[in-house]
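A.B. asks: Only the shape, not the letters, is given here:
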Ligand code: TXA
Ligand code: MG
């Protein structure tokens, strides 16, 4: 199969209506879309990106009415959050009702479904023209950094999918914030551009133990702890996340190193990891941002790319690791 790259939404719609999968731009990262109501299309998504079978997909819709049509329970708080943050980088997990039309293949046997409205006109127009919602994980091969440019999708999925819609660079550059609502409270399952601070204007906000544990561990125990279970967003090179109180300590630590990210930013992190891989980097050093506000999501992606190889630059002596 020859993978085409263009901006022909009508072609995308034609393919999607025929049960094919198509890479589409969103404001966060590129998604690999298929008809959310068609089990065969969902199976194609999993095959194309070699996604582990137990990882459920996000359904992309044009608005809250479409969530209702999917047969999902909508608590008041979810409705308020959707009003404020959609279209945008907030994915909300909804419980299925007994009459839900979401196929098992999307939710992988869970009794809940993740949904968001992407803030991208190509994507929204495609959903409208299709007339059905689109399930879409990030359009990378499973385990590699999420794609933020058409060429990233092409590098991973060329020959595996028919079409990539070129929407240029993704504005945000990391995946959406994923939340679940329980007892009128918000729990963050994956940090993103919608921050805990932004959400806390609407409800009490907590962070899932899985995320907290890992970050907690870092502050108490700096020894490298490779967590293969959490391998994600990873380039081929070995990534070191560096805790440095000041620029000077960081500069000293990475002296002579070729592949260094001293001021990581959401828009460019994944692209830079991919570029370094192309240059056959064996080691990449990234300075960790402060774990607050927007830095929280970035910090989270960096330690995962680093598979928990953490170095503290302040104690720098003869042994840096
Ligand atoms: O920004 C984004 O969210 C991008 C764009 C394409 O929308 N999509 C994305 O999808 O990052 P994906 O599949 O790479 O990540 C979806 C995340 C996974 O961590 C998955 O486990 C979680 O959402 N998820 C999906 N359904 C869930 C559910 N019912 N309960 C808990 N977590 C769920
Ligand atoms: Mg992904």
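C.D. replies: The structure has been received and is ready for your questions. All of these numbers come straight from a predicted model, not from anything done at the bench. Ligands and ions are numbered 1, 2, ... in the order given.

A.B. asks: ok, residue 1 to residue 44 distance?
C.D. replies: Taking C-beta to C-beta, to the nearest Å as the measure, residue 1 falls 12 Å from residue 44. Bear in mind the C-beta positions are built from the backbone N, C-alpha and C, glycine included.

A.B. asks: cool, and residue 284?
C.D. replies: Separation of residue 284 from residue 44 (C-beta to C-beta): 33 Å.

A.B. asks: Those two: which has the busier surroundings?
C.D. replies: Ranked by neighbour count (other C-beta atoms under 10 Å), residue 284 and residue 44 place residue 284 first, with 23 against 19.

A.B. asks: List the residues that contact that one.
C.D. replies: 235, 237, 238, 239, 240, 259, 260, 261, 273, 276 (C-beta atoms under 8 Å, 6 or more residues apart in numbering).

A.B. asks: does it sit in a helix, a strand or a coil?
C.D. replies: strand (DSSP: H, G, I helix; E, B strand; the rest coil).

A.B. asks: what separates it from residue 263, distance-wise?
C.D. replies: Distance from residue 284 to residue 263, by C-beta to C-beta: 14 Å.

A.B. asks: For residue 200, which non-adjacent residue is spatially closest?
C.D. replies: Spatially, and ignoring its direct neighbours in sequence, residue 200 is nearest to residue 186 (8.0 Å; C-beta to C-beta, 6 or more residues apart in numbering).

A.B. asks: and the one you found, bridged to which residues?
C.D. replies: In this entry, residue 186 is beta-bridged to residue 181, residue 205, by DSSP bridges.

A.B. asks: contacting residues around it?
C.D. replies: 77, 81, 179, 180, 199, 200, 202, 203, 204, 205, 206.

A.B. asks: Would you list the phi and psi of the fifth one?
C.D. replies: Residue 199 has phi and psi values of phi -70, psi -30 when expressed as degrees, to the nearest 10.

A.B. asks: For it, which residues are in contact?
C.D. replies: Taking C-beta under 8 Å, 6+ apart, one finds 81, 177, 179, 186, 188, 205 in contact with residue 199.

A.B. asks: Apply 7 Å and report the result again.
C.D. replies: Shown in contact with residue 199 (C-beta atoms under 7 Å, 6 or more residues apart in numbering): 179, 186, 205.

A.B. asks: Tabulate those in JSON lines, adding columns for pLDDT.
C.D. replies: Shown next, in JSON lines, are the contacts of residue 199 (pLDDT from 0 to 100):
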{"residue": "179", "pLDDT": "98"}
{"residue": "186", "pLDDT": "98"}
{"residue": "205", "pLDDT": "98"}
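
A.B. asks: By neighbours, which of the contacts of residue 186 wins?
C.D. replies: Most neighbours among the contacts of residue 186, by other C-beta under 10 Å: residue 179, with 28 neighbours.

A.B. asks: you'd agree residue 9 is up against residue 123?
C.D. replies: No - using C-beta atoms under 7 Å, residue 9 is not in contact with residue 123, being 9.4 Å away.

A.B. asks: more neighbours, the two?
C.D. replies: Using other C-beta under 10 Å, the more surrounded residue of residue 9 and residue 123 is residue 123, with 27 against 18.

A.B. asks: and that one, which of the three is it?
C.D. replies: Of the three states, residue 123 takes helix under three-state DSSP.

A.B. asks: For it, give its distance to residue 242.
C.D. replies: From residue 123 to residue 242 the distance is 36 Å (C-beta to C-beta).

A.B. asks: Over to residue 282?
C.D. replies: Noted for residue 282: a distance of 16 Å to residue 242, by C-beta to C-beta.
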